[in-house]
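**Student:** My questions concern the predicted model and sequence given below.
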Amino acid sequence: MSNDSLELEGGCYCGAVRYRFHGKSQAAYFCHCEQCRKITGTAHASNMQVKPSDVQWLCGENSVSTFDCPSERYFSNAFCSKCGSGLPFLSKSRQWMFVPIGSLDNAPDDLISMNIFWDDRANWYDDGLTQKKCPGFPDEE
């Protein structure tokens, strides 16, 4: 990933919430920990770690709901209260904001720099990568 300043926009699926990021990403990664798998319902979370001051809400900030897991040191989540899409959230320490990369309108090809909690990845993850690739739903072929 380039160390250049980025200017990216994103939002939720229904369009109620929009934000802009302008700054440098501190890190961008796929997180394979159990908490990220549970909150996303997928094999890994895809997050960009940024300074909170580099994120500006453009509209719909009042539609952002948050969940802070009381038993986890870092674990938080933010999502649109209308469509459930993941949105940028502050770490519990409030030092970092995590931007779900899937909520960006477009992201640079070289954004992801690492896989974290790799040893915690789902037991079905590696095998899933070797399976047939379809351009759409399997019944559309």
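**Tutor:** Arrived safely, thanks for sending.

**Student:** Would you mind listing where this protein has pLDDT under the threshold?
**Tutor:** Within the chain, the stretches with pLDDT under 70 are 1-3, 71-74, 140-141.

**Student:** Spell out, range by range, the strands that occur in it.
**Tutor:** Secondary structure of the chain (DSSP state E): strands located at 6-11, 18-23, 27-31, 45-50, 55-59, 64-68, 76-80, 89-90, 97-100, 114-116.

**Student:** Would you mind putting those into JSON lines with mean neighbour count alongside?
**Tutor:** For the C-beta atoms, the positions are set from N, CA and C on the backbone; glycine is no exception. Putting the strands of the chain into JSON lines (neighbours: other Cβ atoms under 10 Å) gives the following:
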{"stretch": "strand 6-11", "mean neighbour count": "18"}
{"stretch": "strand 18-23", "mean neighbour count": "18"}
{"stretch": "strand 27-31", "mean neighbour count": "19"}
{"stretch": "strand 45-50", "mean neighbour count": "22"}
{"stretch": "strand 55-59", "mean neighbour count": "14"}
{"stretch": "strand 64-68", "mean neighbour count": "14"}
{"stretch": "strand 76-80", "mean neighbour count": "20"}
{"stretch": "strand 89-90", "mean neighbour count": "20"}
{"stretch": "strand 97-100", "mean neighbour count": "23"}
{"stretch": "strand 114-116", "mean neighbour count": "13"}
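
**Student:** who's in contact with the most centrally placed residue in the chain?
**Tutor:** Centroid-nearest residue in the chain: residue 100, 1.7 Å away (criterion: Cα atoms, centre = their mean). Taking Cβ atoms under 8 Å, 6 or more residues apart in numbering as the contact definition, residue 100 lies against 45, 46, 47, 86, 87, 88.

**Student:** Double-check the second one against residue 30; I have them as touching.
**Tutor:** Spelled out, it's residue 46. Yes. Residue 46 lies in contact with residue 30 (Cβ atoms under 8 Å); the separation is 5.6 Å.

**Student:** Mutual contacts of those two, please.
**Tutor:** residue 112.

**Student:** hang on, the earlier thing: which among the strands of the chain is found nearest to residue 128?
**Tutor:** strand 27-31 (13.5 Å; Cβ to Cβ).
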